[in-house]
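>>> When you get a sec, could you give me coordinates for this:
(one chain, ligands or ions: 2)
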Amino acid sequence: MRLGIIGLPQSGKTTLFNALTRGNAPTGMSAGKLEVHTAVVDVPDERVDRLSGLFTPKKTTYAKVTYADIAGLDGSRSKEGISGTLLNQLTQMDGLIHVVRVFDDENVPHVSGSIDPARDIKIMDDEFILNDLIAVERKLDRLREEKTKGGGRDKTTVGYETSLFERLKHSLDDENLLRDIELSTEEEKALSGFGLLSRKPVVVVLNLSESQSAPTIAYEHKRSRVVPVYSKLEMEISQLSPQDASDFLAEYHIEEPSLNKMIRISYELLGLESFFTGGKDEVRAWTIHQGALAPEAAGEIHTDMQKGFIRAEVVTYEDLISLGGFAEARMKGKLRLEGKDYIVKDGDILTIRFNL
Ligand SMILES: Nc1nc2c(ncn2[C@@H]2O[C@H](COP(=O)(O)OP(=O)(O)O)[C@@H](O)[C@H]2O)c(=O)[nH]1
Ligand SMILES: [Mg+2]
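Numbering: from 1, shown residues only. Ligands and ions are numbered 1, 2, ... in the order given. Predicted coordinates:
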């Protein structure tokens, strides 16, 4: 999972990035030009810790999330859209974390001269809508050309794409985020790889100072969440030892550090879940889409396992932990044999049987 941290200059992107990755990238440097920091972090999951305690494996591997702190968007709404390199960075992301400034600090000038989170959210949304409109119009031009020239792909496909992109265009013309429109699985598939920005799931982070409480922001969109975060405080906390960090969190009444919260919310928004594999060699967490079938899950582990998939032995996390192992689970009839049509559930522990 790749999550891009975006927002206006000086909104606190790098501060949040540091909080989420326990990093120390320089903050307060923003000049509004393209600059990207990336870091890969483990997805904290206490189920992995418990499984590791059960199997005592040689190796324990958590699922991974990549954070990219992407500076360069300034809400300038250029006619040509977002520039190539920056756009390229953005389209690669599975989801976006939009940092919006709420904190007040006279030493940190605001690019728009005042603190207004709702305005800043709209600046970025409008920029994305405009950019998507440019991309969609270009695509429609190409489709028209393809239709007149002929000889390329078959007419039905071209017609199908044309009506889909026309629908997108109407929606964008009305200044709607593409996140809000309902698409069939087939349409979704036709759009994959297109990287439309206003369709990407978004966590809006209201970046607060320690003394502030979160303002109420009405932001009713699909695949979107608004989350208040004390980025600067959390960046400081992220640099502490675990014991000091939990004392601090308690003192400031922060129930769950953003480190964990952001990942949990992103999994929800992106429709992701985890399954596990376990044994003497390795306990490992894997990420899949909700609704993935057993062979797809197997394919996450290795393409050979998907190709040669025979069946999966499945036990739930709760059963495995309470019964104490695969052998015990089998004796109690809790180790199921599942075939190609099995929909993997969050927390399943899978052993794939395959044949090459
Ligand atoms: N007072 C205060 N300052 C903050 C907060 N978050 C970020 N800053 C400061 O705002 C400035 C810009 O932050 P930075 O993370 O570099 O913003 P970026 O340009 O979006 O990457 C830095 O001087 C930060 O220390 C906050 O919650 N409170
Ligand atoms: Mg920065």
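
>>> Buried residues in stretch 105-124, which are they?
By neighbour count with 16 or more other C-beta atoms under 10 Å, stretch 105-124 contains the buried residues 110, 116, 117, 120, 121, 123, 124. Using the backbone N, CA and C atoms, a C-beta is placed for each residue, glycine as well.

>>> so who does the fifth one touch?
Think residue 121. When contacts are counted by C-beta atoms under 8 Å, 6 or more residues apart in numbering, residue 121 is found next to 98, 100, 204, 217, 219.

>>> is it possible to export the residues you listed to JSON lines including secondary structure, distance to ligand 1 and pLDDT?
Compiled in JSON lines, those are given as follows (DSSP: H, G, I helix; E, B strand; the rest coil; distance: C-beta to the nearest ligand atom, whole Å; pLDDT from 0 to 100):
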{"residue": "98", "secondary structure": "strand", "distance to ligand 1": "11", "pLDDT": "97"}
{"residue": "100", "secondary structure": "strand", "distance to ligand 1": "10", "pLDDT": "97"}
{"residue": "204", "secondary structure": "strand", "distance to ligand 1": "14", "pLDDT": "97"}
{"residue": "217", "secondary structure": "coil", "distance to ligand 1": "16", "pLDDT": "94"}
{"residue": "219", "secondary structure": "coil", "distance to ligand 1": "20", "pLDDT": "96"}
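
>>> In a markdown table: the residues you listed, plus distance to ligand 2 and neighbour count.
Listed next are those as a markdown table, based on distance: C-beta to the ion, whole Å; neighbours: other C-beta atoms under 10 Å:
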| residue | distance to ligand 2 | neighbour count |
| --- | --- | --- |
| 98 | 14 | 25 |
| 100 | 14 | 23 |
| 204 | 18 | 23 |
| 217 | 23 | 14 |
| 219 | 23 | 15 |
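
>>> What residues does the residue of the stretch 201-350 of the chain found nearest ligand 2 make contact with?
Nearest residue of the stretch 201-350 of the chain to ligand 2 (C-beta to the ion) works out as residue 231 at 11.3 Å. Residue 231 makes contact with 12, 15, 16, 19, 99, 205, 207, 208, 258 under the criterion C-beta under 8 Å, 6+ apart.

>>> For residue 88, state which of these is nearest.
Out of the contacts of residue 231, the one with the shortest distance to residue 88 is residue 99. That distance is 20.6 Å, counting by C-beta to C-beta.

>>> Just the CA trace of the helix or strand in which residue 5 is found, in CSV.
In this assignment (DSSP states H and E), residue 5 forms part of strand 2-6. Below are the C-alpha coordinates for strand 2-6, written out as CSV (Å, rounded to 0.1, in the frame of the first residue of the first chain):
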residue,chain,number,x,y,z
ARG,A,2,1.4,3.4,-1.0
LEU,A,3,0.0,6.5,0.7
GLY,A,4,1.0,10.0,-0.6
ILE,A,5,1.1,12.8,1.9
ILE,A,6,-0.1,16.0,0.2
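
>>> ok, it: who's next to it in the sheet?
Here strand 2-6 is paired, per DSSP bridges, with strand 64-71 (parallel), strand 95-101 (parallel).

>>> now the most centrally placed residue in the chain: how far from residue 115?
Against the mean C-alpha coordinate of the chain, by C-alpha atoms, centre = their mean, the closest residue is residue 95 at 3.9 Å. Going from residue 95 to residue 115 by C-beta to C-beta, to the nearest Å gives 26 Å.

>>> Then residue 152?
In this structure, residue 152 and residue 115 are 52 Å apart, going by C-beta to C-beta.

>>> go on, residue 230?
For residue 230, the distance to residue 115 under the criterion C-beta to C-beta works out to 16 Å.

>>> Would you map out the domains in this protein?
Following the assignment in automatic domain parsing, the chain carries domains at 2-42+61-111+200-256, 127-198, 291-354.

>>> closest one to residue 49 among those?
By C-beta to C-beta (comparing all of these), the closest turns out to be domain 2-42+61-111+200-256, at 9.2 Å.

>>> Just the endpoints, please. Distance across the closest one?
Distances were taken as C-alpha to C-alpha, to the nearest Å; on that basis the terminal residues of domain 2-42+61-111+200-256 are 21 Å apart.

>>> for stretch 299-306, same thing?
By C-alpha to C-alpha, the extent of stretch 299-306 from end to end equals 4 Å.

>>> Could you do stretch 249-267 as well?
In stretch 249-267, first residue to last residue: 23 Å (C-alpha to C-alpha).

>>> Show me what counts as buried in it.
If you call a residue buried by 16+ other C-beta under 10 Å, then stretch 249-267 has these buried ones: 249, 254, 257, 258, 259, 261, 262, 263, 265, 266, 267.

>>> OK, contacts around residue 202?
With contacts defined as C-beta under 8 Å, 6+ apart, residue 202 is in contact with 95, 96, 97, 98, 179, 221, 223, 224, 225, 269.

>>> quick one: which of the residues you listed is most hemmed in?
Among the contacts of residue 202, residue 97 has the most neighbours (other C-beta atoms under 10 Å), with 29 neighbours.

>>> just checking, it touches residue 201?
No - using C-beta atoms under 8 Å, residue 97 and residue 201 do not qualify as a contacting pair, with a distance of 9.8 Å.
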